[in-house]
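Engineer: Below are the sequence and a predicted model for it; my questions follow.
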Amino acid sequence: MKSPYPAKPLPEKVINRLEQILFEILPPLEEAVHSGRPADIELSQWMRSRRELGSRDRRFLSQAVFRHFRWMGWTRLGLQLDLPEAALLSALLEEPTESQWIQHLTQHITFPSPLAPLGALPLAEKIDQINQTFQSSLTDSHLITPDATSVIHPDVLARSLPAFQHRPPTWIRSRIGSEELLNALTAENIPAESSPQHPHAIAIPSGINLQQRLEKGPGQFVVQDLASQCVGQVCAPLAGQLWWDCCAGSGGKSLHLADLMKQQGGVLASDPRESALIELKKRARTCGIRMIQSQVLDATKEKPGTYLYDGVLVDAPCSGWGTWARSPDARWRTSTKDVRQSARRQQAILKNAAQAVKPGGTLVYAVCTLTQPETDQQAAAFLEAHPHFELDPFRHPITGELTSGMIQLFPSQHDGMFIARFRKKNEIAT
């Protein structure tokens, strides 16, 4: 999706200053990621201490930093380039034409043979170009954590890797007429596209602060990835029902459930982090939603009393390996050990969640990952351990095809997401 920001040439002194800043912050960011700390949080904290930086500078640095981590498997780990060379190569890999930044870096950096911008080429052709230039033997699997192949099916990995190397758009969920919101975005020169399957899902270029650009009230839209919106569609809650969102976080899916229920019924949103629930309450107030109650609760250890719900959503904490396009540094700070630990937590949450579903009720399990221990293997283990549940077939939220009751959304212009829907049988066999 085309950026709304015009590529105006920067003064040479500005480019020099941004280059200096970038190469100052990349080493500590690499160290932070190696220690398991998210790059976006570290970068945000650093930027708060540099108030002299304008929005243009911050946007440039953010794009350069995450581009660096997106291609680090080739530039730093595979080819072992120094920071300036890595910055140039990552820019060449992403940008379709020669930008001012590329022109600036090529003034003092040379490669074994000249490279034109490769941004418009598919990943396979990029691999060929890089290997020819550097006489290397890189593959697409060098772009992710080395042991990923042991927990992701080869077909899933092959379909996902190209998407990991592109920054996806930001998705918003319109709470008003989608045409009204599209017109408001157009009036502000913000490119926007609605999803054919989900008219209320609108994609805009990433990195835009809508609160500053739109006059529309913040309660008229919610920032929510398309894959996350699909989870709510699979839940398909009915007006008047009671649902438990047992890993609610800051409440994106709880808000969606409430809207799908036309704010008739109730949603209990729980999370072990009180700070997340405070944010949920703020968002609910902004949206004018009053049917959501919150409770600090660790679903790995307990359920909320003895009440049975029409539906339970288990949007479980996971490895997050379906979000590597949006958070490219995450592939370098997680391992298969994290996958196994996540799977054990998910199993405990599912056990408690199952006890809170009324007969004939719905249990939806969703994780933004691609790993087998957290997706199909987790679903199979749940069914084996809970024979009073069965898969509940549903229409694929993007293709419309009837599914078996579980799907893997592959990362594309959205996150990767696994969704399984179970139904609790009305009668338990004795």
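Structural biologist: Cool, got the structure. Numbering: from 1, shown residues only.

Engineer: Does anything pack onto the lengthiest helix in the chain? Which helices or strands?
Structural biologist: Longest helix of the chain, by residue count under DSSP state H: helix 12-34. On a contact count with 3 or more C-beta pairs under 8 Å, 6 or more residues apart in numbering; DSSP states H and E, helix 12-34 meets helix 39-48, helix 55-70, helix 83-94, helix 100-105. From N, CA and C alone the C-beta is placed, and that goes for glycine too.

Engineer: any residues touching the last one, and which ones?
Structural biologist: By C-beta atoms under 8 Å, 6 or more residues apart in numbering, the surrounding residues in contact with helix 100-105 are 7, 9-10, 15, 19, 60, 64, 84, 87-88, 91-92, 95, 117.

Engineer: quick one: which of the residues you listed is nearest to residue 200?
Structural biologist: residue 7 (31.7 Å; C-beta to C-beta).

Engineer: re the thing from before, mark which of the contacts of helix 100-105 are buried, thanks.
Structural biologist: Buried by 16 or more other C-beta atoms under 10 Å: 10, 15, 19, 60, 64, 87, 88, 91, 92, 95, 117, out of the contacts of helix 100-105.

Engineer: residue ranges of the helices in the stretch 201-350 of the chain, please?
Structural biologist: 210-213, 226-235, 252-260, 274-287, 336-354 (DSSP state H, counting those that start in this stretch).

Engineer: Thought residue 304 was touching residue 244, still the case?
Structural biologist: Yes: contact status for residue 244 versus residue 304: in contact at 6.7 Å, counting by C-beta atoms under 8 Å.

Engineer: Lowest average pLDDT across the helices of the stretch 201-350 of the chain?
Structural biologist: Looking at the helices of the stretch 201-350 of the chain, the lowest mean pLDDT belongs to helix 210-213 (a mean of 79).

Engineer: Centre of the chain to it, how far?
Structural biologist: Chain-centre distance of helix 210-213: 21 Å, with C-alpha atoms, centre = their mean, to the nearest Å.

Engineer: give me the number of residues near residue 278?
Structural biologist: Close neighbours of residue 278, defined as other C-beta atoms under 10 Å, add up to 12.

Engineer: if we can go back for a sec, going by distance to residue 299, which of the contacts of helix 100-105 wins?
Structural biologist: Among the contacts of helix 100-105, residue 64 lies closest to residue 299 (C-beta to C-beta), at 39.0 Å.

Engineer: Ramachandran coordinates for the spatially most central residue of the chain?
Structural biologist: A centroid search over the chain (C-alpha atoms, centre = their mean) returns residue 323, at 3.9 Å, as the residue closest to the centre. Reported as degrees, to the nearest 10, the phi and psi values for residue 323 are phi -110, psi 20.

Engineer: That one contacts residue 368, correct?
Structural biologist: Yes: assessed by C-beta under 8 Å, residue 323 is found in contact with residue 368 at 5.4 Å.

Engineer: circling back: so which of the contacts of helix 100-105 comes closest to residue 25?
Structural biologist: Nearest member of those to residue 25, counting by C-beta to C-beta, is residue 64, at 9.5 Å.

Engineer: Please tell me the pLDDT value assigned to the closest one.
Structural biologist: Here the pLDDT value assigned to residue 64 is 96.

Engineer: same deal with residue 6?
Structural biologist: 53.

Engineer: The one 5 residues further on too?
Structural biologist: For residue 11, the model assigns a pLDDT of 90.

Engineer: Also the one 5 residues further on?
Structural biologist: With respect to pLDDT, residue 16 has a value of 95.

Engineer: Over to residue 11: give its phi and psi.
Structural biologist: Here is the backbone geometry of residue 11 (degrees, to the nearest 10): phi -60, psi 150.

Engineer: what's the answer for residue 420, then?
Structural biologist: Per degrees, to the nearest 10, the backbone of residue 420 is at phi -130, psi 140.

Engineer: Using a markdown table, please lay out the helices and strands packed on helix 12-34 together with distance to residue 133.
Structural biologist: Output for the helices and strands packed on helix 12-34, formatted as a markdown table (distance: least, C-beta to C-beta, whole Å):
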| stretch | distance to residue 133 |
| --- | --- |
| helix 39-48 | 27 |
| helix 55-70 | 18 |
| helix 83-94 | 9 |
| helix 100-105 | 15 |
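
Engineer: So which of the ones you listed has the densest surroundings on average?
Structural biologist: Stretch with highest mean neighbour count among the helices and strands packed on helix 12-34: helix 83-94 (a mean of 21; mean count of other C-beta atoms under 10 Å).

Engineer: what sits up against that helix?
Structural biologist: Helix 83-94 has contacts (C-beta under 8 Å, 6+ apart) with 22-23, 26-27, 64, 67-68, 70-72, 74-76, 79, 81, 99, 101-102, 105-106, 108-109, 111, 115-119, 126, 130, 165.

Engineer: buried subset of those residues?
Structural biologist: Buried among these by 16+ other C-beta under 10 Å: 22, 26, 64, 67-68, 70-72, 74-76, 79, 81, 99, 101-102, 105-106, 111, 115, 117-118, 126, 130, 165.

Engineer: So what's the residue count around residue 244?
Structural biologist: If you count neighbours by other C-beta under 10 Å, residue 244 ends up with 29.

Engineer: mind giving me the domain split of this protein?
Structural biologist: 12-143, 170-223, 226-424 (automatic domain parsing).

Engineer: can I get the ones you listed in CSV with distance to residue 149?
Structural biologist: Listed next are these as CSV, based on distance: least, C-beta to C-beta, whole Å:
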stretch, distance to residue 149
domain 12-143, 7
domain 170-223, 28
domain 226-424, 10
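
Engineer: So which of these has the densest surroundings on average?
Structural biologist: Highest mean neighbour count of the domains of the chain: domain 226-424, a mean of 20 (counted as mean count of other C-beta under 10 Å).

Engineer: and that one, how far from the chain's centre?
Structural biologist: Centroid displacement of domain 226-424 relative to its chain, using C-alpha atoms, centre = their mean, is 15 Å.

Engineer: Stretch 92-103 too?
Structural biologist: Counting by C-alpha atoms, centre = their mean, stretch 92-103 comes out at 26 Å from the chain centroid.
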